[in-house]
Structures are given as structure tokens and as C-alpha cells.
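> Predicted model, plus sequence, below.
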Amino acid sequence: MKPTFLHQILVTAILLLQANAVMSAQNDKTIGRFSVNVGVSGIPLYAFLDAGYSIGEKFYDEPEYITELYNFDIKSKTFGTYSIDASCQLGRRWAILLNVGYSRMEADYYNIHTDEYLKSEADDIFSILAGGRFYWMNTRSHKLYSSVYMGLMLHDRSLEYWKKSNYDNDGFGFQVTMFGWQFGKGRVYGVLEAGVGDLYTGIIPLGTRLGVGYRF
């Protein structure tokens, strides 16, 4: 079976962790409270489901909206989110966070009656999120935690996707990491996270983030 990009990331992370373990004994005493990791995650919230037109308030505010509702269907897709995550520990249980991410969303429009292709839209999405983290367990080799982020999503708001899909986004972004695991005793460590938000949403493996980090 041909190796995928995700498999290559996992193999690289394992090799780095093994090399790091050799030097961990000498480095443990000098590791500080700052860390940075890079990772790739699954489907973000705005592309988790095929975006169909919702009625909601627009049905009452815009009577013509019901006509559009029965004329179009949207199928959205993304290649995941690539992000850099920085943290600063405030004691043993808490940390403050900063995350910068990038994703590309593509949406195809179809006639809901005939399934005929009508048009496409594409958008590059940048996110800048800040937040906090609580460590349920914090040892030298394993850290279990939950995190909450809020911030900005920078994208082309003029696109029809953002105006009429179920995800009516006005530039606000968030991410809730319900489960996070950092593993590795030395400076280099691995990351596995799962949660809901604009970086990743869903269940394993779609709603997870995998990464490799470095502690200062």
C-alpha cells in the first residue's frame, strides 16, 4: 500500500521522539515553560457537513430565500488545517495559547432537482486564535489537557458560501479541544488532539490534530 502524507508525518514524528529520548536525561532540568508545535488537522467546522441552505430567520426576513432554498445544494470540502500552536505554562495546571492556522475551502453548487453542476467557489482561510489550557495530568513524559480558543477568521466574506450556508461566519473563530495529549519526555514531543471548532471537528480520525513540538 502506497504511504500517505499522514503516514509520513507519523513516521517522522516517531523517529524524532526516539532520537529525542536519547538526550532527554541531560535536557530535563533545562526545559522551560514555553513550547511550540506544528500540526495538521482534519475537517474544520465550516466544512464538516455538506452545507445546505438553512431557513431560520432568513425565511422570514427574505421571502425570496425559500426559492433559492429549493434551487441549490452545496457540497463543501477542505484539505484540513495547517497550524502553529505556541503555549506558555502558568504553573503546573494552566497555560496561555496562541494558534495561527491556514486552510482552503472549496464549495461546489448543484441544482437540487437534477444534481447538475452549476458553479464553484474557493477561499483561503487564515485563523488567529488565543486561549487557555487546563492540564488534567502534567508529568515529564505525558500531558493530558483541554483547551479553549477564540479569535479571528480571515476570509472573503463576499462569497456566497459564507452568506447562505449553514455556517454563516462573520469573521469570528473558535476551537474547543476536549482531549489533548502531548507525549515525549525531552524537548521534542508529539501531539494528538480531538475537539470541535474552526481548526478541526468530528471524531477520530477526521476531527483530530497531529503534530510535533519543541519545548524551550
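Now that the structure is in, tell me what you want to look at.
> Which parts of this protein are strands?
34-41, 72-90, 94-111, 117-138, 142-154, 172-183, 188-197, 208-215 (DSSP state E).
> Where among those is average confidence lowest?
Among the strands of the chain, strand 72-90 carries the lowest mean pLDDT, at a mean of 87.
> tell me what that one is packed against?
Other helices and strands packing on strand 72-90, by 3 or more Cβ pairs under 8 Å, 6 or more residues apart in numbering; DSSP states H and E, are strand 34-41, strand 94-111, strand 117-138, strand 208-215. Where you see a C-beta, it was placed from the backbone N, CA and C, and this is true even at glycine.
> Pairing partners for it, with directions?
Paired neighbours of strand 72-90 in the sheet (DSSP bridges): strand 34-41 (antiparallel), strand 94-111 (antiparallel).
> Now render those as JSON lines, adding distance to Ser141 and mean neighbour count.
JSON lines is the format used below for the strands paired with strand 72-90 (distance: least, Cβ to Cβ, whole Å; neighbours: other Cβ atoms under 10 Å):
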{"stretch": "strand 34-41", "distance to Ser141": "14", "mean neighbour count": "19"}
{"stretch": "strand 94-111", "distance to Ser141": "17", "mean neighbour count": "18"}
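> contacting residues around Asp115?
Asp115 sits next to Asp73 when contact means Cβ atoms under 8 Å, 6 or more residues apart in numbering.
> Could you verify my assumption that Trp136 touches Ser147?
No: with contact defined as Cβ atoms under 8 Å, Trp136 and Ser147 do not form a contacting pair (11.3 Å).
> which one of these two has more residues nearby?
More crowded of Trp136 and Ser147, by other Cβ atoms under 10 Å: Ser147, with 24 against 11.
> and the more buried one, bridged to which residues?
Counting by DSSP bridges, the residues bridging with Ser147 are Arg133, Thr177.
> How about the one 5 residues further on?
Each beta-bridge partner of Leu152 is listed here: Ile128, Phe172, as defined by DSSP bridges.
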